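Q: Kindly return the folded structure for what I paste below:
(one chain, ligands or ions: 1)
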Amino acid sequence: MKSSQLTFDNKIILAPMVRVGTLPMRLLSLEYGADIVYSEELIDWKFLKSVRRENGVLGTIDYLDPTDGTVIFRTCAKEKQNVVVQLGTSDPDRALKVAKLIENDVSGIDINMGCPKEFSLKGGMGAALMTQKEKAKKILSTLVENVKIPVTCKIRVFENIDDTLTLVKELEATGIKAIAVHGRTKVERPQHPNRNHVIKKIAETLNIPVIANGGSREIENYRDLFKFKDDCGCSSVMVARTAQYNCSIFRKDGMKAMDDVIVQYLKKCVEYDNSPSNTKYCVQNMLKELQETPRGKRFLECQTLEQICNIWNLGDYCRQKQLEYQTKGNFGRREIMP
Ligand code: FNR
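A: Numbers count the residues shown, from 1 in each chain. The predicted structure is shown next:
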């Protein structure tokens with residue numbers, strides 16, 4: 001049992017990203033070569049009010065909002081061995097209830113201790129936990145003691161290196177299996193340099209794997225992933241923004257052109273009935289300034305998955321798949337709600 005558990009040494013990892021890290025992006029990242037994929041941050045109470053459904057039409061496990069059927073979290077067997085769910089929480093009991101709910105469907109649980117957004121901080125979640133150490137440790141130790149899959153956490157750094165080292169040592173002592181470190185403080189933004197030297201110091205100090213994060217500005221190709229992790233003295237690396245723009249960064253044989261990636265991404269969106277609004281958001285991130293081109297403008301007007309697919313010549317594929325799913329059973333919504 002223990003030997004088949006997910007481990008965090010020598011891994012290339014898709015970082016947790018709100019709205020970006022949904023099932024199609026996670027599966028495509030794995031196909032391209034990522035070893036582990038983190039879900040977007042999911043808030044504990046949303047999970048707690050969800051209902052778990054095995055979706056026979058799509059072959060997925062869905063956690064649905066019972067009021068409107070919205071998918072809160074969708075997963076499937078293909079990613080089961082490699083997916084870590086990231087939780088936003090400020091409460092050990094709530095975190096444990098969620099963990100028990102999902103522990104048979106995923107391979108790890110991560111606690112977000114780095115999010116600097118006001119919503120998280122006000123709720124005592126994310127980076128708020130870095131200054132509420134006792135609560136942070138209680139959340140982690142409660143999970144470690146009661147859940148059979150590995151528990152990790154993701155933090156930022158403090159301005160003061162000694163404060164950071166004190167924190168990570170205490171977090172390590174809870175029994176977590178790894179710690180991801182984004183080398184910026186709570187108030188720093190992507191334009192600030194990542195404190196790779198602090199990550200290195202953490203990696204030298206701890207015995208558990210430290211996952212280097214925050215390097216997207218210096219990661220433009222596969223080799224850069226390794227340069228960044230070496231610079232941080234870590235055996236594992238976690239990448240967010242570079243993967244958000246082009247998740248073929250995980251390909252050993254080099255990155256694919258943006259349009260190739262979009263085609264593969266859309267196929268997964270169709271296959272797993274991803275919502276049109278989430279699909280559109282992720283493709284927008286890939287297109288970036290190309291949204292200003294005539295094709296980009298046509299794309300921005302799309303309301304359905306089929307319309308989006310038409311632009312990348314996948315309209316027939318989308319219609320066929322949707323028909324197949326409709327004949328198998330009732331599923332999903334089709335339009336972006338105004
Ligand atoms: C993020 N980040 C983030 N972090 C986290 O712990 N949970 C989350 O849900 C999110 N969501 C999120 C969304 C988007 C669109 C971005 C760009 C970032 C932060 C992310 O995981 C990472 O720590 C930083 O982006 C730094 O890594 P990179 O981008 O330099 O590789």
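
Q: Mind listing what's buried along the helix or strand of the chain with the lowest mean pLDDT?
A: Ranked by mean pLDDT, DSSP states H and E, the weakest helix or strand in the chain is helix 118-122, scoring a mean of 91. For helix 118-122, burial by neighbour count (16 or more other C-beta atoms under 10 Å) applies to 120-121. Glycine gets a C-beta too; all of them are placed from N, C-alpha and C.

Q: Identify the residues contacting it?
A: 88, 112, 115, 126-128 (C-beta atoms under 8 Å, 6 or more residues apart in numbering).

Q: Show the subsequent helix or strand relative to that helix.
A: Next helix or strand after helix 118-122 toward the C-terminus (DSSP states H and E): helix 133-146.

Q: Show me which residues of that next one are buried.
A: 135-143.

Q: residues near the residue in the stretch 51-200 of the chain that the ligand sits nearest to, how many?
A: In the stretch 51-200 of the chain, no residue comes nearer to the ligand than residue 182, which is 3.9 Å away by C-beta to the nearest ligand atom. Applying other C-beta atoms under 10 Å, we find 26 residues neighbouring residue 182.

Q: hey, what's it bridged with?
A: residue 213 (DSSP bridges).

Q: Am I right that residue 38 sits in a helix?
A: No - using DSSP: H, G, I helix; E, B strand; the rest coil, the assignment for residue 38 is strand, not a helix.

Q: Excluding chain neighbours, what is closest to it?
A: Distances taken as C-beta to C-beta, 6 or more residues apart in numbering place residue 16 nearest to residue 38, at 4.0 Å, with adjacent residues excluded.

Q: residues contacting that neighbour?
A: With contacts defined as C-beta under 8 Å, 6+ apart, residue 16 is in contact with 38-41, 86, 110, 112, 154, 240.

Q: in the stretch 151-300 of the chain, which spans are strands?
A: 151-155, 178-182, 210-213, 236-239 (DSSP state E, counting those that start in this stretch).

Q: Contacts for the first one next, please.
A: For strand 151-155, the surrounding residues in contact (C-beta under 8 Å, 6+ apart) are 8, 16, 84, 86, 99, 108-114, 127, 130, 136, 140, 143-144, 167-168, 171, 175-182, 211, 213, 238.

Q: Whichever of the residues you listed end up buried, select them in ChimeraX.
A: The following ChimeraX line selects those of those that are buried, judged by 16+ other C-beta under 10 Å:
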select :8,16,84,86,99,108,109,110,111,112,113,114,127,130,136,140,143,167,168,171,176,177,178,179,180,181,182,211,213,238
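
Q: Do you know the pLDDT at the nearest residue to residue 155 once chain neighbours are set aside?
A: Spatial nearest neighbour of residue 155, excluding adjacent residues (C-beta to C-beta, 6+ apart): residue 113 at 4.6 Å. Residue 113 is assigned a pLDDT of 97 by the prediction.

Q: which parts of the chain sit against the ligand?
A: Residues of the chain lying close to the ligand (C-beta under 6 Å from any ligand atom) are 15-18, 20, 40-41, 86, 112, 114-115, 154, 182, 213-216, 239-241, 244.

Q: and the residues you listed, which are buried?
A: Counted by 16+ other C-beta under 10 Å, the residues of the chain next to the ligand give 15-17, 20, 40-41, 86, 112, 114-115, 154, 182, 213-216, 239-241, 244 as buried.

Q: So which of those are in helices?
A: Of those, the ones assigned to helices by DSSP state H are 241, 244.

Q: And the strands in the stretch 1-150 of the chain?
A: Ranges of strands in the stretch 1-150 of the chain, per DSSP E, counting those that start in this stretch, are 12-14, 36-43, 51-55, 60-64, 71-76, 83-88, 108-113.

Q: Save those strands as CSV, and put in distance to residue 266 too.
A: Shown next, in CSV, are the strands of the stretch 1-150 of the chain (distance: least, C-beta to C-beta, whole Å):
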stretch, distance to residue 266
strand 12-14, 18
strand 36-43, 18
strand 51-55, 20
strand 60-64, 17
strand 71-76, 16
strand 83-88, 21
strand 108-113, 28
